[in-house]
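[1] Starting from these lines, generate the structure:
(2 chains)
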Amino acid sequence: MNYRELLSLWADWMTVIGFLISLTSLIISIVVLRNVRNIRNYYRLKVRGPELIKELTKLSSNLAELLEDFTSNRMDIQLGLAQSEGKLRRLEGMANKETKRTLKQLRITISSSSVTTDNEEEIRSIYVGMMKALEEVKDHQKDSDLER
Amino acid sequence: MSTERNKWIDVIAKMLKLTQEGKLAWKAEQPPAQLGGRSDRRVELVFTSIYKEKRLRLYQYAFQSEEVDVSPYDGSISRTMQWRTKPILEIVDRSGAALWKFPNVSALNDLLYSVQYQVAGAKELLDDFMKE
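    Next up is the predicted model:
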């Protein structure tokens, strides 16, 4: 093997090693990026979460109260649901994958529903959905605190 | 865990619906002796109902708990006693002894509000005022 062939072989190996290093760096970057995003979401949930949870709990309790007289309170129910939708969207951005899915599903259900005289049951199921989602968010918050 | 908890939310939401529709009637009673008698806890009134031969008791349980505050400036610790409340729903026997307590989910607060609303006759009062 002459000098030129040896150099070529060395260059090939260096290319392979370079490629592997780039691949490893990419994987590390993705892992770091994911961790940074998790830490950011954790602090957002820690700082803004309790207040949003409190506001959503208040809105869901209001909804339960308004359901005492569904027909007369339809306008207020519609308004409360619209407010809940915005708060759910904000909470979504702080949640983990699983909780985010629950919140998004609930938000879509709310946005596609309209408060008419014959859909009291649908609105009641939204109330139940809100209760379940809130408990899930609270659990997620407790789990995040334990992980840190 | 979450499936189990969701089941209780469904049950309490169902109770809320039945209460609001007047199908589950509640009445106010004085709390039994076992719920009182201590200065650090308080129950003012209990609400009872019977559903499918099971006696239910719902009340607001007030208790004192210690709050610990750490000063961010000098790290000094201050302790204060504060009253906290939580709704309790339980199945009781004929003598009023608690047999089983429902898990504490936030929907219980809404049920308690609705029961108070029903027992106080708030809806009838509002209707009467509107008729005047």
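
[2] can we go C-alpha only for contacts and neighbour counts from here?
    Noted.

[3] Tell me the residues on chain B that lie near chain A, please.
    Residues of chain B found near chain A (Cα under 8 Å from any Cα of the partner chain) are B:2, B:6, B:9-10, B:13, B:20-21, B:105-107, B:110, B:113-114.

[4] Which positions within stretch A:90-102 qualify as buried?
    By neighbour count on 16 or more other Cα atoms under 10 Å in any protein chain shown, the buried set for stretch A:90-102 is A:L91, A:E92, A:M94, A:A95, A:N96, A:T99, A:K100, A:T102.

[5] One more: stretch B:51-65?
    Going by 16+ other Cα under 10 Å, stretch B:51-65 has these buried residues: B:R55, B:L56, B:R57, B:L58, B:Y59, B:Q60, B:Y61, B:A62, B:F63.

[6] got the contact list for that stretch?
    Stretch B:51-65 has contacts (Cα atoms under 8 Å, 6 or more residues apart in numbering or on different chains) with B:24, B:40-50, B:81-94, B:112.

[7] what packs against the worst-scoring helix or strand of chain A on mean pLDDT?
    Sorting the helices and strands of chain A by mean pLDDT, DSSP states H and E puts helix A:120-147 at the bottom, at a mean of 88. When contacts are defined as 3 or more Cα pairs under 8 Å, 6 or more residues apart in numbering or on different chains; DSSP states H and E, helix A:120-147 packs onto helix A:3-66, helix A:97-112, helix B:2-20.

[8] any idea how far the nearest residue to A:K138 once chain neighbours are set aside lies from B:S114?
    Closest residue to A:K138 apart from its sequence neighbours, by Cα to Cα, 6 or more residues apart in numbering or on different chains: A:I53 at 8.0 Å. Using Cα to Cα, to the nearest Å, one gets 21 Å for the distance from A:I53 to B:S114.
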